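Trainee: Whatever this is, show me its structure:
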Amino acid sequence: MREKITSGQNKRVKQWRALTSKKGRKATQTYLLESWHLVQEAIKAQQPLTAILGTAEQLDRHADELPADVDVFELTESIANTIGDTGTPQGIFATAPLTRDEDVDPAMATGVWLFLDYVQDPGNIGTMVRTADAAGLAGVVFGKGTASRYLPKVLRSMQGSQFHIQVVEADLHDWISAFTSRHLPVYGTNLDPQAKDYRDVPALSAGAIVMGNEGNGMAPDLQQMTTRNLYIPIKGQAESLNVAVAAGVVMFRLVG
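Mentor: Numbers count the residues shown, from 1 in each chain. Purely as a prediction, here's the structure:
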């Protein structure tokens with residue numbers, strides 16, 4: 001079904017506009033995918049969608065790729081320009097249901113995971129999720145203080161990799177405990193007296209890597225919970241590595 005909407009005061013339009021906020025997402029239990037790239041990646045990954053919305057031009061251009069079982073709403077250019085977060089919207093969007101994080105049990109998780117502790121920059125988060133996808137990790141856990149995976153800038157930065165691996169928001173204390181109780185190694189990334197060169201530990205087939213806040217690193221209590229903390233030797237004069245760069249180095253080295 002393709003329904004045309006011409007009024008900016010339409011109830012659905014107001015709900016779609018509100019999806020850039022946490023309150024709006026909670027009210028409808030959905031979030032917004034903006035741009036054809038993200039919508040296409042969701043369709044390819046067979047992600048559930050609740051609606052597809054866009055201008056007539058965009059909907060006609062991609063008509064052959066749109067799933068037949070999802071309601072489609074045609075918007076005027078002016079309405080499309082008021083939805084989403086980008087300054088220059090493409091004019092096509094989709095809404096998708098929020099994920100139930102409680103459905104992912106850390107006691108049953110397999111493979112290698114990336115844990116993010118208080119990482120706040122959307123660009124860094126997106127880069128790490130994409131790198132985790134590229135390196136073959138099973139998933140990424142957004143811990144306390146980490147920017148939400150539903151924030152528009154985070155969604156754009158992940159570029160669809162969130163549909164290829166598991167992404168959840170949860171308490172890292174629970175996940176680290178669940179992994180270590182199963183004797184799965186959890187490696188922190190922090191320079192302390194007992195820290196080990198990341199090149200001197202064996203590759204992982206299951207376990208986790210923890211990346212901390214851009215400025216302060218991992219929370220002290222999490223540092224005490226890890227199997228071991230690792231460091232990357234710096235050969236030049238730089239004081240430190242960007243957290244996303246460091247994560248990429250460690251992930252590609254440790255994931256067997």
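
Trainee: show me where the stretch 51-200 of the chain has strands.
Mentor: 51-55, 72-75, 92-97, 112-116, 139-142, 166-169, 186-189, 196-197 (DSSP state E, counting those that start in this stretch).

Trainee: Not counting the shortest one itself, show me its contacts.
Mentor: For strand 196-197, the external contacting residues (Cβ atoms under 8 Å, 6 or more residues apart in numbering) are 228-231, 233. (C-beta placed from N, C-alpha, C; glycine too.)

Trainee: if you set the cut-off to 7 Å instead, what comes out?
Mentor: 228, 230-231, 233 (Cβ atoms under 7 Å, 6 or more residues apart in numbering).

Trainee: which among those residues gets closest to N81?
Mentor: L230 (47.0 Å; Cβ to Cβ).

Trainee: ok, for that closest one, nearest residue in space, not its chain neighbours?
Mentor: With Cβ to Cβ, 6 or more residues apart in numbering as the criterion, L230 has its nearest non-adjacent residue at 4.3 Å, and that residue is Y198.

Trainee: can the strands of the stretch 51-200 of the chain go into JSON lines with extra columns for mean pLDDT?
Mentor: JSON lines is the format used below for the strands of the stretch 51-200 of the chain (pLDDT from 0 to 100):
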{"stretch": "strand 51-55", "mean pLDDT": "98"}
{"stretch": "strand 72-75", "mean pLDDT": "98"}
{"stretch": "strand 92-97", "mean pLDDT": "98"}
{"stretch": "strand 112-116", "mean pLDDT": "98"}
{"stretch": "strand 139-142", "mean pLDDT": "98"}
{"stretch": "strand 166-169", "mean pLDDT": "97"}
{"stretch": "strand 186-189", "mean pLDDT": "94"}
{"stretch": "strand 196-197", "mean pLDDT": "94"}
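
Trainee: closest one to K4 among those strands?
Mentor: Nearest to K4, of all these, is strand 72-75, at 4.5 Å by Cβ to Cβ.

Trainee: contacts for the closest one?
Mentor: For strand 72-75, contacts defined as Cβ under 7 Å, 6+ apart pick out 1-5, 12, 51-56, 59, 66.

Trainee: Select only the buried ones of those residues in ChimeraX?
Mentor: Here is the ChimeraX command that selects the buried residues among those (16 or more other Cβ atoms under 10 Å):
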select :5,12,51,52,53,54,55,59,66
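
Trainee: Let me know the pLDDT of the closest residue to L191 other than its chain neighbours.
Mentor: What sits nearest to L191 in space, not counting adjacent residues and going by Cβ to Cβ, 6+ apart, is Y231, at 4.6 Å. pLDDT recorded at Y231 is 93.

Trainee: Dump the strands of the stretch 51-200 of the chain to a markdown table, plus distance to W16.
Mentor: Shown next, in a markdown table, are those (distance: least, Cβ to Cβ, whole Å):
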| stretch | distance to W16 |
| --- | --- |
| strand 51-55 | 7 |
| strand 72-75 | 9 |
| strand 92-97 | 7 |
| strand 112-116 | 28 |
| strand 139-142 | 24 |
| strand 166-169 | 22 |
| strand 186-189 | 39 |
| strand 196-197 | 49 |
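
Trainee: quick one: which of the ones you listed is nearest T30?
Mentor: Nearest to T30 among those is strand 92-97; the distance by Cβ to Cβ comes to 4.6 Å.

Trainee: buried stuff in the closest one?
Mentor: 92-96.

Trainee: And for stretch 19-37?
Mentor: By neighbour count on 16+ other Cβ under 10 Å, the buried set for stretch 19-37 is 19-20, 24-25, 28, 30-36.

Trainee: On the pLDDT front, check E214 for me.
Mentor: Confidence score, pLDDT, at E214: 91.
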